[in-house]
Structures are given as C-alpha cells and as structure tokens.
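Asks: I would like to see how this sequence folds:
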Amino acid sequence: MRRGNGIFHHTFWILLIFFLLLIFSGCSSIQSIIRSSIEDTPIWVFEPRVSKERIPFVGTGTGTDVRSARVHAYESVLSQLSDYLGKDVMNTYIAQLSQRNAIDAYNLNITREYVKEGIESVTVHLLAVADRSAVEADRSELLVEIEKTKAKISALQASAGTALRENRDGDAVSDYFSIIALASTIVGSQGDDYYDSAVGNIISIAEKITIVPVEGLSDAFYVQRGSKAIAPKVEGIPLIFSIKVKDAMNNGYTDTITSTSDGDGIVRFINTNSSMLYKGTYQVSLDAGRLLSEVAFLREADRTRIEDLISSSTISVPYTRTYTLGTNRLLVALGEYSIRGSLLESRTAEAILTEYLSGYGFAFSSVHDSIREDDEDFFAELTRGGAGSSDIVLYGKVGVVAFTTLSDSLSVKVAGEMSIYRVSDQQLLGTTGMVNAVGRGKDQESALSDAFAMYGREIAALLKRFLLT
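Replies: Predicted coordinates for the structure are as follows:
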C-alpha cells in the first residue's frame, strides 16, 4: 500500500506542475509548452503573443558565431515580412534592421532575442513586432500594383501569341522576356508561375529555330521554325556572323557582324570588314546577346539551357572572297624618299605591303625600278618595259616629314599616298589619300625603317577595301 501511495503522490505533483504551466502560459498550446521545455527555448519562439494592432515575425538563424547567426535571423525576419507583403524587401531593409533593430516604414522593432549556444554552432531567435496598419497599408497598395502587373502580363501574353501566329518569333521572345521581368516583381507562387510559363515558351521557340542557307542566293539564310523546306519563315530573329580577320600588324582575331531576319525570314551576310580573310569559313548563329534581352532575370539553369539551344543552331559556311578588279595579280611600286626629297634605296614599306596583301591571295610583281620623279615618266617607263603580268599597278610615294629627338630615341614622321591605276589607260581606280605614320628607333636608320614599316601596314589595310569584296 505504501508503494501505491508513492506512485499516486508522484503522479499528483506532475499533474499539478503541468496544470500550473497551463495557467502561467495563458493560452499557449500544450504542444508549444512541451516543445519549449524539450528544446530549452522560450515559448515566444513558437507562439509569439502581441496585441491585435501588431504583427509578430520570429526570425531564427544559425551560424558559427553569434554575429553570423544574428544576421541569418534578420534575414529570416525579412523573408517572412516579404512573404506577408507579397514583395521582396530583403535588400531594401537588411541594412536598417541589422544596424538599428528596427524598420521605420513599418514601425517594426526587435523586442526579444534569445541566443542558444551549441557545441559547433550558435542559434539566435529574434522577435520582431510590426505595426499592423502600416504593414497592411503597404500590402494593399502592393495588391493594386500586382493586379496592374498581372494585366500587363496578360496583354503581353496575348501579344506574344499574335506574334507567333504571324511568324514574328523575335517579337514573341521579346514579349516573353518582358513577362519574366514583370514576374520578378511578384513574390510567391504567382510570380513563379508566370516566370516558368514564359521561360517554357522561350525554350520552345529556341528549340525550333533553325538557320538554313537560301538555295541559289549567295550569303543568304532563312531563319525558320523547324528544318523542313516548308517550315514557316520567321521574322525579327537576330543573327550574328563571326568572321576571321587580320589587323594591320598581321595578327588574327574574330570580328562579328549582326543582322535580323526580315519579313520573309531572310538574313543576308554583308561583310563590312575589309580585313576578313580571303578564304575560310564563317559562323552563323542566333545572337544570344540581343535575343536574351532580359538575361539578368533568368535563373542560371534556365539561362544555360537557352544559351545551349542557341549555340546548337550555329552553322559554318565556307567562302572565298572575290577580287574587285577581276584579278589577284598586281604590279607594285612604292618609293621611299628622304627629307630632302631624294629617292632612297630602301623598300621597307613596299615589302610590308606585299607581305600583308599576299595573305589575301594577291601575287605581286615589283616595278620599283620604273619609279621616276615625274608620274608621267613612271607610266611611260612602265609601258615601255611592258607591264606584262598585270594591267593593275599599286603606285605611291612616301617621304620623311620630320625628325624629333626624344630622351632615349629618335622619332620619324612620314607621309604619303598610295593609288591604284589601270596601266593601259592610266585611269585612277582608287586611292588611300594622304596617310601619316610615325616610327621610333635608337638611331636614324632604325627609326626610318620603323616609320616606313608602319606606313606599309596602314596603307595595306586601307587598300583592301578597293581590292576585295
């Protein structure tokens, strides 16, 4: 009997303590009381109690120290506030909240903090209490803005649908990117749904777009929806042409030329860089830079997926440029003159010129020995000697303008003009106009050589536009 009475008294005290906990905890739920006791955490973490005029947000953060854990707790508060408002206020208020434990716009204050240190981490709980009327007012204004945004999205969806029916896929993609930008202003599942739908439509378009050469038209391409010949031709798709070129120093690099498909879905490649290599291949692809107009709003995985689809549509096109004058065999004579006007024995500029243009398929025969003081005498000598191999001559003169002594070297300025003539009738076919070049060297000889070499590079780059299409 004594053993039974002991059990009875023990149970009685447990029930009494539990009853008192219920009394002192007000209306807190039994689950919260038990959880608070088990986790050794204040009950307000699980059931914050404030007046009807206030709204509580409990932020919880874990870190390696109190400071990092508190920052995560601030972020937790702002994440909950963002969800309640329907807009992201994290970046707007994180500095104010972490510095002052308050947000003025919502009369929000951190009223309680609890720090729990573990073996390897620290957990911080924060109770933030905001003014309900201020929060609800902002929320109401936002709901009005969201409705306006949804109306804009609906209009863009309709516009994109019309564009697709009219084969204006480029305009449709632009509309869908505008939807993505608007969707980013709507926090929550609605914004995500609009985003996912728009991205799905862009991917669907990118999966179908193909680039096909136009039969019978050189350097012309269809942009179409699908690979079959009867596939719809689409308008407003930006393309980029990647070409291999050489600069004046004979170094190779890649240049790009852009265009957009017209109403017939056709894009023509028109070379605007005279330094494009004489022969090779160029790449034709969708222009990701212009097509992904709102790439900043894309998630990384979606951006990668769309860019991969864009890259997969790239085609390579072999080409050979044509010679404007109908021949690649040319005569050349480029005289170099001293500051006193006398013809020098050097042929540096001529050598650089022919070396550079030879890379574009030109073959040269030098008629430097025919150079005379008077141009008429040069052509007379050229005619008497028999041009033979070509009726086209590159003829010019370059002379020293000035020497300048520098602290550690000598600078030389040269100037001249190079022209293209038909030998048979001495007709002028093109000219570089007056071109200046500057060279440097430790002495006069090296400075002159550098200046004439620079001049040769400059006029070679200019002459290409007359010689190649």
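
Asks: ok, residue 75 touching residue 95?
Replies: No. Residue 75 is beyond contact range of residue 95, at 12.0 Å (criterion: C-beta atoms under 8 Å). To be clear about C-beta, it is placed using only N, CA and C from the backbone, and glycine gets the same treatment.

Asks: more neighbours: which of the two?
Replies: Applying other C-beta atoms under 10 Å to residue 75 and residue 95 shows that residue 75 carries more neighbours, namely 16 against 10.

Asks: checking the more buried one next. Helix, strand or coil?
Replies: Here residue 75 is recorded as helix under DSSP: H, G, I helix; E, B strand; the rest coil.

Asks: begin at 35, not 1, for the rest of this chat.
Replies: Let's use 35 as the start, then, which means that last one is residue 109.

Asks: dump the residue contacts of it.
Replies: Contacts of residue 109 were listed using C-beta atoms under 8 Å, 6 or more residues apart in numbering, and they are 93, 95, 124, 128.

Asks: next: residue 329.
Replies: residue 337.

Asks: any idea how far it is from residue 85?
Replies: For residue 329, the distance to residue 85 equals 47 Å [C-beta to C-beta, to the nearest Å].

Asks: what does residue 269 give?
Replies: Taking C-beta to C-beta, one finds residue 269 at 62 Å from residue 85.

Asks: same question for residue 375.
Replies: Distance, residue 375 to residue 85, by C-beta to C-beta: 100 Å.

Asks: these two touch, right, residue 483 and residue 474?
Replies: No. With contact defined as C-beta under 8 Å, residue 483 does not count as touching residue 474 (10.4 Å).

Asks: and stretch 173-180, what's buried?
Replies: Of all the residues in stretch 173-180, those buried under the rule 16 or more other C-beta atoms under 10 Å are 176, 180.

Asks: and the contacts of it?
Replies: Outside stretch 173-180, the residues within contact range by C-beta under 8 Å, 6+ apart are 118-121, 219-220, 224.

Asks: if you count neighbours, what's buried in stretch 247-259?
Replies: Using 16+ other C-beta under 10 Å as the test for burial, stretch 247-259 gives 248, 253, 255-259.

Asks: could you pull up the mean pLDDT of it?
Replies: The pLDDT scores in stretch 247-259 average 89.

Asks: wait, isn't residue 278 in contact with residue 311?
Replies: Yes. The pair formed by residue 278 and residue 311 meets the contact definition of C-beta under 8 Å, at 4.9 Å.

Asks: more neighbours, those two?
Replies: residue 311 (19 against 16).

Asks: residues in contact with residue 228?
Replies: 187, 213-214, 216-217, 220.

Asks: kindly report the same for residue 471.
Replies: 432, 447-449, 485-486, 488-489, 492 are the contacts of residue 471 under C-beta under 8 Å, 6+ apart.

Asks: and those, which of them are in helices?
Replies: 485-486, 488-489, 492 (DSSP state H).

Asks: before we move on, back to that, closest to residue 457 among the buried residues of stretch 247-259?
Replies: Taking C-beta to C-beta as the measure, residue 457 sits nearest to residue 253 out of those, at 32.4 Å.

Asks: tell me how far the nearest residue to that closest one once chain neighbours are set aside lies from residue 317.
Replies: Using C-beta to C-beta, 6 or more residues apart in numbering and skipping the chain neighbours, the partner closest in space to residue 253 is residue 303 (4.1 Å). When distance is defined by C-beta to C-beta, residue 303 is 11 Å away from residue 317.

Asks: hey, what's in contact with both of the two?
Replies: With C-beta under 8 Å, 6+ apart, residue 303 and residue 317 have common neighbours 275, 351.

Asks: any common contacting residues for residue 278 and residue 311?
Replies: In contact with both residue 278 and residue 311: residue 286, using C-beta under 8 Å, 6+ apart.

Asks: what's the end-to-end length of stretch 135-144?
Replies: 5 Å (C-alpha to C-alpha, to the nearest Å).

Asks: revised request: answer the last question for stretch 394-411.
Replies: This stretch, stretch 394-411, spans 31 Å end to end (C-alpha to C-alpha).

Asks: cool, and stretch 248-260?
Replies: 15 Å.

Asks: would residue 296 count as being in a helix?
Replies: No. Per three-state DSSP, residue 296 lies outside any helix segment and is coil.

Asks: how many residues are close by it?
Replies: 13.

Asks: related to what we said a few turns ago, residue 269 and residue 85: which is more packed in?
Replies: residue 269 (20 against 8).

Asks: that one contacts residue 202, correct?
Replies: Yes. With contact defined as C-beta under 8 Å, residue 269 counts as touching residue 202 (4.9 Å).

Asks: can you pull the pLDDT of residue 461?
Replies: The model's pLDDT for residue 461 equals 91.

Asks: test my guess that it contacts residue 427.
Replies: No. Residue 461 is beyond contact range of residue 427, at 11.1 Å (criterion: C-beta under 8 Å).

Asks: anything in contact with each of the two?
Replies: With C-beta under 8 Å, 6+ apart, residue 461 and residue 427 have common neighbours residue 455.

Asks: hey, which helix or strand in the protein has the poorest pLDDT?
Replies: Taking mean pLDDT, DSSP states H and E as the measure, the helix or strand of the chain with the lowest value is helix 36-58, at a mean of 51.

Asks: middle-most residue in this protein, spatially?
Replies: residue 323 (5.4 Å; C-alpha atoms, centre = their mean).

Asks: does it count as helix, strand or coil?
Replies: Under three-state DSSP, residue 323 falls in the helix class.

Asks: excluding chain neighbours, what is closest to it?
Replies: residue 274 (7.7 Å).

Asks: list the contacts for that neighbour?
Replies: By C-beta under 8 Å, 6+ apart, the contact list for residue 274 reads 290-292, 318-321, 323.

Asks: tabulate those residues in a markdown table, adding columns for distance to residue 169, pLDDT and secondary structure.
Replies: Listed next are these as a markdown table, based on distance: C-beta to C-beta, whole Å; pLDDT from 0 to 100; DSSP: H, G, I helix; E, B strand; the rest coil:
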| residue | distance to residue 169 | pLDDT | secondary structure |
| --- | --- | --- | --- |
| 290 | 51 | 93 | strand |
| 291 | 54 | 92 | strand |
| 292 | 49 | 92 | strand |
| 318 | 55 | 94 | strand |
| 319 | 50 | 92 | strand |
| 320 | 46 | 90 | strand |
| 321 | 45 | 88 | coil |
| 323 | 42 | 79 | helix |
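
Asks: most neighbours of all these, which one?
Replies: residue 320 (26 neighbours).
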